[in-house]
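K.L.:
Quick one: sequence plus predicted model below, questions after.
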Amino acid sequence: MPDYIPKRGLRNGHAMTLYSWARPRRFPHLPVPTIRHFDVERGTRVLAHCYWQPAPATRPLLLALHGLEGSSRAHYMQGLADKAFARGFSVILLNQRNCGGTEHLAETLYHSGLTQDADRVIREIGAEGVERIVVAGYSLGGNLALKLAGDYADAPPAALRGVCAVSPVLELGACVGALERRRNFVYQWNFVRGLKARMRRKALTHPGTFTVVRLPEVRSVRQFDELFTAPHFGFEGADDYYHRASAMRVVDRIRVPTLIITAEDDPFVPVDPFRDPRLTGNVHIRLMMTRHGGHCGFVSERTADDDGYWAERQVVEFADRQSGK
């Protein structure tokens, strides 16, 4: 894989992160998606945008997972779909529970280690004849992808050929701690704003199920998880949730080919966990730790045949190799 060279002027992690988040993108070659619902548990459905190739059972499939408060419409999800579809993949962009305007479809919330929804999609699509599936996740979705592979350990579904994670929040407690630094205020504020708005919508779509009386006191992701996420899923508190939901607990058990891309200048994903022997000692994992790239950024100079989104290109190249196309 080629080394990453950042776009001129974006050697600062904050600048890269904000640039890639705010820069408008267009995907004129991506067809109109098919909408599909997956019933993941009683009373809970998730919505996916699907881009199917002709004769999908004969084609590889990329299943993409978005980050915290993202959706299938996130620019990196669309960019990844655009590149993968052009390479001959069918693509499923999966919304986490309640994301992408789907609060009415789920009686539950979502969290950073809830892998059962992706597992359900893999098994359902595999039962329909798709034999080559690669999972790719960004940020929270990256943690999900790695935890999914670790949970499978020695018994992954036969169709699962590989897993990719870009800027994964591998150790949730460390990432939340980094978010609480003063220089990361804008990221914390943005996440909290989205989480609080979602809980207000949940209170409207499921009257009496979710109480929002304490929502005004929430000022951080940790406070939100302490008051809402952890008790909803039966964790003892935010710290217990972060520990048990982190892919780091199972990364040494991964047995499928895995690619991890992360940047040393990521504003709120510390690099130390990626140097842990449980990860570096796993022969099934290829780690690409770049000096620059920010969080889910990795924008390089544009060329005539490339839009400059380096990580998306690496994911598709990896998926292509693992699917045996």
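P.N.:
Nice, thanks for sending it over. Residues are numbered from 1 along each chain as shown.

K.L.:
Confirm residue 119 sits in a strand?
P.N.:
No. Residue 119 is assigned helix when assessed by DSSP: H, G, I helix; E, B strand; the rest coil, not a strand.

K.L.:
quick one, what contacts it?
P.N.:
Applying CB atoms under 8 Å, 6 or more residues apart in numbering, we find residue 119 in contact with 148, 157. Glycine gets a C-beta too; all of them are placed from N, C-alpha and C.

K.L.:
Repeat that for residue 276.
P.N.:
When contacts are counted by CB under 8 Å, 6+ apart, residue 276 is found next to 248, 251.

K.L.:
what helix or strand is residue 200 on?
P.N.:
Residue 200 is part of helix 185-205 when elements are defined by DSSP states H and E.

K.L.:
Show me what the helix or strand following that helix is in contact with.
P.N.:
Downstream of helix 185-205, the first helix or strand assigned by DSSP H and E is helix 221-224. Around helix 221-224, the neighbours that count as contacts under CB under 8 Å, 6+ apart are 68, 176, 179, 180, 188, 191, 192, 195, 196, 217, 218, 238.

K.L.:
my read: residue 135 touches residue 60, true?
P.N.:
No. Assessed by CB atoms under 8 Å, residue 135 is found out of contact with residue 60, at 11.8 Å.

K.L.:
Which positions in stretch 192-207 come out as buried?
P.N.:
Within stretch 192-207, the residues that count as buried by 16 or more other CB atoms under 10 Å are 192, 195, 196, 198, 199, 202, 203.

K.L.:
how far away is the fifth one from residue 191?
P.N.:
As for residue 199, its distance to residue 191 is 13 Å (criterion: CB to CB, to the nearest Å).

K.L.:
Quick check: of the buried residues of stretch 192-207, which lies closest to residue 143?
P.N.:
Of all the buried residues of stretch 192-207, residue 143 sits closest to residue 195, with 16.6 Å by CB to CB.

K.L.:
Count residues in the vicinity of the closest residue in space to the closest one that isn't next to it in sequence, would you?
P.N.:
Nearest residue to residue 195, sequence neighbours excluded (CB to CB, 6 or more residues apart in numbering): residue 224, at 5.0 Å. Counted with other CB atoms under 10 Å, the neighbours of residue 224 add up to 20.

K.L.:
which residues of the stretch 1-150 of the chain fall in helices?
P.N.:
13-22, 75-86, 116-127, 140-152 (DSSP state H, counting those that start in this stretch).

K.L.:
what would the ones you listed look like in JSON lines with distance to residue 233?
P.N.:
Below are the helices of the stretch 1-150 of the chain laid out as JSON lines (distance: least, CB to CB, whole Å):
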{"stretch": "helix 13-22", "distance to residue 233": "28"}
{"stretch": "helix 75-86", "distance to residue 233": "25"}
{"stretch": "helix 116-127", "distance to residue 233": "12"}
{"stretch": "helix 140-152", "distance to residue 233": "14"}
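
K.L.:
Export those helices to JSON lines and append columns for mean pLDDT and distance to residue 163.
P.N.:
Below are the helices of the stretch 1-150 of the chain laid out as JSON lines (pLDDT from 0 to 100; distance: least, CB to CB, whole Å):
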{"stretch": "helix 13-22", "mean pLDDT": "96", "distance to residue 163": "22"}
{"stretch": "helix 75-86", "mean pLDDT": "97", "distance to residue 163": "14"}
{"stretch": "helix 116-127", "mean pLDDT": "97", "distance to residue 163": "10"}
{"stretch": "helix 140-152", "mean pLDDT": "98", "distance to residue 163": "5"}
